[in-house]
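Participant: Provided below are the primary sequence and the corresponding predicted coordinates.
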Amino acid sequence: MAAKQTWRLLRDKISEPWMHFAIEEAILRLTDEENQMPTLRIRQTEPSVWIGYYQIPEEDVDVDYCQKNNLKIVRRLNSGGAVYQDFGSFCYTAFFNKADFLSSFGLNHTDELYNLFGNVIVNLCNKYNIQAGLSPVNDITVNNKKIYGSAQIDWYSAFAHSGSILVNADLNKMQHALKPSNLKFADKGFKSVRERVVNLSIIADIPAIKQIKNEFISSFAENLNISLVEQELTEKEKKLADQLFKEKYSKPEWTFTVSKPHTTVLSTKIASGVITLKCQVFQNRIQSAGITGDFLMPDHKKMQKIVNELNDKTLTQATKIIEKSKLHDDIINGLVHLIKQINA
């Protein structure tokens, strides 16, 4: 058991989606730059859709539906798939120094955090006699239906792990707002989002969401052997969040990035999601490349480096670059598979 630590408990009640993520990035940046104490942030937002860092809104979200129903769409800083959120679900983010946290729990890799934090949710469900189980890589399911998903972001010395729990969300609105590719559920036996997810309130007699959040906080502290001290956002966090809101998250170009036209677009299912390789190929050489999808990749710097290296390389050279990279094995295998398909 790790030595007992003291963390800040943050319940800022910011529910506007763009400011919500500006706050998330501000805390993450200052956890790195100021080496401030670890934080557990509990959060809810107004109805909205959050896409993963590597996703394209038009490919994974019904943008027209969202616009007609006043659902804001925002790109998250972490990777993974598009999610619908409202006040019938709640989220948390744990911010901490990566090296210190891994060392205190005797962990070798950040991938192990999915199980560590996932067990907090499993134990929370046990309190309501709900038999939940970890579902690789980042989900928790009950009777093979998803109640929880998580994602991570690696930011220099800092790290953030986030999770989202369905309690009484509007699943019909979720079904309309999201449009994942057919590959997403290819190996799960589902054909739609509505078939894949379930609210805790459908499974058991669940109290008000406020009580569930308090139970989660207790389970988090108990499982991780930490003491939580409730505090407010610092003035530095507020100032940085205001800046990020104005210059980044409220700007359409942050979420709706303009992508280059590509003549070759190939996708495949990997362990952590769907990965898509988009490229312009001329005389067996990649002229430009892009990688999108809902796969899990917490270190964006590493992925961008690989994308840059693929440009102006032959397919053989590109394969070797990917095989020698330090990407996750499932991402390496998926990309190599897609490159082989180009001339197949």
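Facilitator: That came through fine.
Participant: What's the separation between the residue of the chain most remote from its centre and Asn343?
Facilitator: Most distant from the centre of the chain: Gln283, at 37.1 Å, with distances by Cα atoms, centre = their mean. Distance of Gln283 to Asn343, given as Cβ to Cβ, to the nearest Å: 11 Å. All C-beta atoms are positioned from the backbone trio N, CA, C, and that covers glycine.
Participant: in the stretch 151-300 of the chain, which spans are strands?
Facilitator: 158-166, 226-230, 264-270, 273-282, 285-293 (DSSP state E, counting those that start in this stretch).
Participant: What are the buried residues along the shortest one?
Facilitator: In terms of neighbour count (16 or more other Cβ atoms under 10 Å), strand 226-230 has its buried residues at Ile226, Leu228.
Participant: That strand: partners in the sheet, and parallel or antiparallel?
Facilitator: strand 5-10 (parallel) (DSSP bridges).
Participant: Centre of the chain to the partner strand, how far?
Facilitator: 22 Å (Cα atoms, centre = their mean, to the nearest Å).
Participant: Contacts for that strand next, please.
Facilitator: 27, 37-42, 96, 104, 217, 225-233 (Cβ atoms under 8 Å, 6 or more residues apart in numbering).
Participant: How about stretch 115-123?
Facilitator: Contact with stretch 115-123 is made by 94, 105, 107, 132-134, 138, 140, 147-148, 150, 161, 163, 165, 216, 219-220, 222-224, as judged by Cβ under 8 Å, 6+ apart.
Participant: now the residue lying closest to Lys145 once chain neighbours are set aside: how far from Ile291?
Facilitator: Sequence neighbours aside, Val198 is the residue nearest to Lys145 in space, at 4.0 Å (criterion: Cβ to Cβ, 6 or more residues apart in numbering). Distance of Val198 to Ile291, computed by Cβ to Cβ: 32 Å.
Participant: between these two, who's got more neighbours?
Facilitator: Using other Cβ atoms under 10 Å as the criterion, Val198 and Ile291 rank with Ile291 on top: 22 against 19.
Participant: Please check the contacts of stretch 115-123 and keep the buried ones.
Facilitator: Buried among these (16+ other Cβ under 10 Å): 94, 132, 134, 138, 140, 147-148, 150, 161, 163, 165, 216, 219-220, 223-224.
Participant: Where does pLDDT dip in the stretch 151-300 of the chain?
Facilitator: 186-189, 260 (pLDDT under 70).
Participant: and with 80 instead?
Facilitator: Applying pLDDT under 80 to the stretch 151-300 of the chain flags residues 182, 184-191, 258-262.
Participant: Let me see the ranges of the helices in it.
Facilitator: 171-177, 193-196, 200-203, 209-224, 235-244, 252-255, 300-310 (DSSP state H, counting those that start in this stretch).
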